[in-house]
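J.: Following is a predicted model, sequence given first.
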Amino acid sequence: MTTWQLTIDCADPSVMVRFWGPALGYVVQPPPEGHATWNDWYLSVGVPPDELDLDGDGSDRLMDPDGHGPTIWFQPVPEPKAVKNRLHLDLYPGGRDRSRPMEERRALVDEAVNRLLEAGASIFHRYPEDFDGTDVEGYFRTLRDPEGNEFCVS
């Protein structure tokens, strides 16, 4: 079996950790054993201090508290996001059970979207409202996280 983590380039890992942790039900991954903070660990492996956010503790990783999902590392990069994502997350606040009545599914999506908007997301697209001429049944919202990365809630 191959283990993996999701690495997301960003400008400010601490902002992304504060947004995505609650959005996914994830928690901050503790630093490696023997280190009080992630900054302590990064300094111990030779990362220059000027590349670290020394105002915080350096927490830039999330983990599924139940151990089922992949870990996520928010890797700081100097360049801003420039184009549409080539990879995005789909969040299913009610699970992927399509047998629920549409009104119930809409309510779950709207509740999750409102929570994410309060946390710093913005709406990018609304389906079906923004998609004239489509006849696919469904209801979802495409949002952007605090750094502009697109993701869907359905």
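T.: Right, received. Where do you want to start?

J.: So which elements touch the top helix by length along the chain?
T.: The helix spanning the most residues in the chain, taking DSSP state H as the definition, is helix 102-118. The contact analysis (3 or more Cβ pairs under 8 Å, 6 or more residues apart in numbering; DSSP states H and E) places helix 102-118 against strand 140-144, strand 150-153. (Each C-beta comes from the backbone N, C-alpha and C, glycine too.)

J.: Let's have those in a markdown table, adding mean neighbour count and distance to Tyr26.
T.: Below are the helices and strands packed on helix 102-118 laid out as a markdown table (neighbours: other Cβ atoms under 10 Å; distance: least, Cβ to Cβ, whole Å):
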| stretch | mean neighbour count | distance to Tyr26 |
| --- | --- | --- |
| strand 140-144 | 20 | 17 |
| strand 150-153 | 19 | 14 |
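
J.: got CSV for those, with distance to Leu6 and mean pLDDT too?
T.: Conversion of these to CSV gives the following (distance: least, Cβ to Cβ, whole Å; pLDDT from 0 to 100):
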stretch, distance to Leu6, mean pLDDT
strand 140-144, 18, 94
strand 150-153, 12, 95
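
J.: closest to Arg86 out of those?
T.: Across the helices and strands packed on helix 102-118, the minimum distance to Arg86, taken as Cβ to Cβ, is reached by strand 150-153, at 10.4 Å.

J.: And that closest one, what does it pack against?
T.: On a contact count with 3+ Cβ pairs under 8 Å, 6+ apart, strand 150-153 meets strand 89-91, helix 102-118, strand 140-144.
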